[in-house]
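# Need coordinates for the below:
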Amino acid sequence: MELRAIGPSTIQGWVRRLQQRDLPETYRRTIFVNVSGIFNAAVDDERLRRNPCAARSVSRPRGEYPKVAPWTAERVRAVRVALGERYRLALALGAGCGLRQGEAFGLSVDDIDEGA
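Modelled structure (predicted):
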């Protein structure tokens with residue numbers, strides 16, 4: 001389908017189909033934001049006059065994130081015991097320093113300042 005042929009009703013139907021597929025709302029919101037960004041770029045490039053995702057008739061997925069509950073100290077200890085030695089530092093960085101998975105695995109020895 002050409003971009004110029006897509007209107008708000010097309011987007012609304014697409015959003016409904018995503019919902020019917022029982023995808024998590026946060027995932028649907030991410031998909032919607034990415035598609036809307038494509039339309040914004042087309043508007044900026046003067047290929048379209050308006051972004052159909054921005055129409056008042058289009059209901060955006062809310063994408064509310066559930067409240068995160070940190071692991072208990074007992075669970076951290078149990079996971080540490082079950083992990084191989086190689087990954088125990090990643091657990092300590094996540095549980096103790098709050099690093100996310102990608103940050104913990106991306107940490108290098110050069111990133112550590114022992115003099116601080």
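
# Which residues outside stretch 56-68 are in contact with it?
Contacts of stretch 56-68 from elsewhere in the structure, counted by Cβ atoms under 8 Å, 6 or more residues apart in numbering, are 8-9, 11-12, 15, 18-19, 25-26, 28-30, 32, 52-53. For every residue, glycine as well, the C-beta is placed using N, CA and C.

# Let me see the mean pLDDT of that stretch.
Along stretch 56-68, the predicted local confidence has a mean pLDDT of 84.

# ok, and the most crowded of the contacts of stretch 56-68?
Of all those, residue 11 has the most neighbours under the rule other Cβ atoms under 10 Å, reaching 23 neighbours.

# that older thread, find the pair from the contacts of stretch 56-68 with maximum spatial separation.
Farthest apart among the contacts of stretch 56-68 by Cβ to Cβ are 9 and 26. That separation is 24.8 Å.

# among the contacts of stretch 56-68, which are in helices?
Members of those lying in helices (criterion: DSSP state H): 8-9, 11-12, 15, 18-19, 25-26, 28-30, 32.

# In space, what's closest to the most centrally placed residue in the chain - neighbours in sequence excluded?
Among the residues of the chain, the smallest C-alpha distance to the mean C-alpha position (Cα atoms, centre = their mean) belongs to residue 30, namely 6.2 Å. Distance criterion Cβ to Cβ, 6 or more residues apart in numbering; nearest residue to residue 30, sequence neighbours excluded, is residue 63 at 7.1 Å.

# do the same with residue 53
The shortest distance from residue 53 to any residue that is not its chain neighbour, by Cβ to Cβ, 6+ apart, is 3.8 Å, and that residue is residue 36.

# same thing with residue 55?
residue 8 (3.6 Å).

# Any stretches of this protein with poor pLDDT?
116 (pLDDT under 70).
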